[in-house]
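1. fold the following for me, if possible:
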Amino acid sequence: MREYVVAILGATGAVGQRLISELEQSSIPVKKLKLLASKRSAGKKLKFKNQEITVEEAQPDSFNGVDLVLSSAGGAISKKLLPEAVKRGAVCVDNTSAYRMEDDVPLVVPGVNDKELANHHGIIANPNCSTIQMVAALYPIYQRWGIKQIIVSTYQAVSGAGKAAWDEMLNQAQARLNHQDLKAEILPTAADKRHYPMAFNLLPQIDVFEDDGYTHEEWKMIHETKKILLNDQNAGEIKVTATCVRVPIEIGHGETVYFVVKDSSATTAEIQEEIAKTSGLVLQDDPSKQVYPQPLLAAGKRETFVGRIRQDQENDGAFQMWVVADNLLRGAASNTVEIAECLVRDDLVHQTN
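-> The predicted structure follows:
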C-alpha cells in the first residue's frame with residue numbers, strides 16, 4: 001500500500017488543528033506529516049498520533065517531497081504557496097476562497113460531486129462552509145425530484161470569522177455582563193470601514209458588500225452552489241439567492257433553506273426518508289417531541305443535521321428545512337480530509353495534464 005507525505009498548511013489555526021485531528025482518524029496512510037505555519041508560529045509543537053511534531057515556517061521548499069497538502073492558512077497564503085507546492089509535485093486541497101471560482105479547479109463536496117476530482121490539475125477547492133452543509137442536505141432531494149429554486153438565510157457562528165473575532169465576541173459578552181462599553185475592531189469584516197459588536201447582536205453582513213447590494217458571502221453561496229450541482233457557476237437552471245447573517249454563537253452554522261422541486265409530487269415524508277438514508281446526513285425532525293437540529297448539539301460532529309422539513313402551504317412543490325453543521329469540521333476540516341480520502345481512494349494523488 002502506498003503511503004503519503006502530507007503537509008498541513010496553517011497547522012496552528014482553528015481549522016488547521018482540526019485538520020490534524022481529522023487526518024489522524026482518516027483512512028489515509030500517512031508516511032510523514034509536516035506542519036507548516038507562519039514564522040511567528042514556527043517552533044511550536046503539536047501532536048499527531050502521539051508523536052510530537054515541530055511546526056515549520058511555510059516556504060516554497062517546505063513542499064519538497066510532499067505528496068498531499070491540506071491548506072487552511074488564508075487566501076493570500078494559498079495564492080502564494082500552493083503553486084509552489086504544485087510545481088514540486090504535490091496535490092493540494094485548499095480550504096480558502098482563493099481558487100473556488102477558477103474554471104479549472106474542482107470545487108468538491110464528497111458524496112455530491114467527487115467525480116470532478118478526476119479533472120484536477122494539482123489544486124482542489126473546498127467550498128465555503130455554509131455552502132457545504134446546504135448542498136449536502138439538498139443533494140438527495142435534487143437527485144430524486146430535481147430543484148429549480150433555492151432561497152437560503154444563514155445564521156453563521158462567529159468562529160467562521162477566525163479566532164480573533166471569536167475572542168472579541170467573548171470579551172464583549174463579559175464586558176456587557178460587567179456593564180462596560182463593548183469594543184469592536186473586527187466584525188462584520190476587518191477589511192471594511194465600520195465595526196460593530198457581535199455579542200448580543202446580529203450582523204446582516206458577512207464579508208464585504210458587492211455593487212449589487214449582496215455581500216461576498218452571499219455571492220459565494222449562490223455561485224458555489226451552481227458550480228457544485230451544475231458544474232457552472234453562472235448556470236440558470238437553478239435559481240439561488242441568499243441572505244447571510246453572523247450570530248453570536250461560537251460554533252455551528254444554522255440555515256433556513258426554502259427550495260422548490262421540479263417534481264411537485266414530492267411529500268414531506270418522502271423528503272425526510274431521503275435525508276434519513278443519506279450517508280453524512282442526520283434527520284432530527286420530530287416536532288411533537290421538540291426534536292430539531294441545534295448548533296450546541298452539532299458542535300464537534302462531522303455530520304450535517306436536518307430538521308423542520310415542511311411543505312409550503314401556499315406554493316406547490318415548495319418546502320422549507322433547517323440545516324445545522326459544525327462549520328469548523330463539516331464546513332472545513334472534515335470536508336477537506338474527505339476530499340483527500342477520495343483522492344487516495346481513486347489514485348488521484350498525482351498531477352494530471
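
2. the helices in the stretch 251-353 of the chain, which residues?
-> 268-276, 295-298, 334-345 (DSSP state H, counting those that start in this stretch).

3. what's the closest of those helices to Ala42?
-> Nearest to Ala42 among these is helix 334-345; the distance by Cβ to Cβ comes to 22.4 Å. From N, CA and C alone the C-beta is placed, and that goes for glycine too.

4. counting by contacts, list what the closest one packs against.
-> helix 14-24, strand 68-71, strand 91-94 (3 or more Cβ pairs under 8 Å, 6 or more residues apart in numbering; DSSP states H and E).

5. just checking, what packs against the helix or strand following the last one?
-> Read it as strand 91-94. Going down the chain from strand 91-94, the next helix or strand is strand 123-125, by DSSP states H and E. Judged by 3+ Cβ pairs under 8 Å, 6+ apart, the packing partners of strand 123-125 are strand 91-94.

6. and the helices and strands packed on helix 334-345: which comes nearest Lys32?
-> So among the helices and strands packed on helix 334-345, strand 68-71 is nearest, using Cβ to Cβ, at 10.9 Å.

7. may I have that closest one exported as PDB, CA atoms only?
-> Only the C-alpha atoms of strand 68-71 are listed here, as PDB (Å, rounded to 0.1, in the frame of the first residue of the first chain):
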ATOM      1  CA  LEU A  68      -0.600  15.900  -0.400                       C
ATOM      2  CA  VAL A  69      -1.200  19.400   1.000                       C
ATOM      3  CA  LEU A  70      -4.200  20.300   3.200                       C
ATOM      4  CA  SER A  71      -4.300  24.100   3.300                       C
END
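
8. quick one: low-confidence parts of this protein?
-> The chain contains residues with pLDDT under 70 at 351-353.

9. on contacts alone, who are the packing partners of the lengthiest helix in it?
-> In the chain, with assignment by DSSP state H, the single longest helix is helix 129-145. Applying 3+ Cβ pairs under 8 Å, 6+ apart, one finds that helix 129-145 contacts strand 147-156, helix 216-230, strand 253-261, helix 268-276, strand 281-283, strand 304-311, strand 318-325.

10. ok, now which ones touch the closest residue to Lys39 other than its chain neighbours?
-> Among residues not flanking Lys39 along the chain, Glu57 sits closest, at 4.7 Å (Cβ to Cβ, 6 or more residues apart in numbering). Going by Cβ atoms under 8 Å, 6 or more residues apart in numbering, Glu57 touches Leu36, Ala37, Ser38, Lys39, Ala42.

11. for Glu57, give its distance to Leu46.
-> According to Cβ to Cβ, to the nearest Å, Glu57 stands 14 Å off from Leu46.

12. and for Lys183?
-> 31 Å.

13. these two: which is more packed in?
-> Leu46 (19 against 12; other Cβ atoms under 10 Å).

14. can you list the buried residues in the helix or strand where the more buried one lies?
-> Here Leu46 sits within strand 45-48, counting by DSSP H and E. For strand 45-48, the buried set under the neighbour-count rule, 16 or more other Cβ atoms under 10 Å, comprises Leu46, Phe48.
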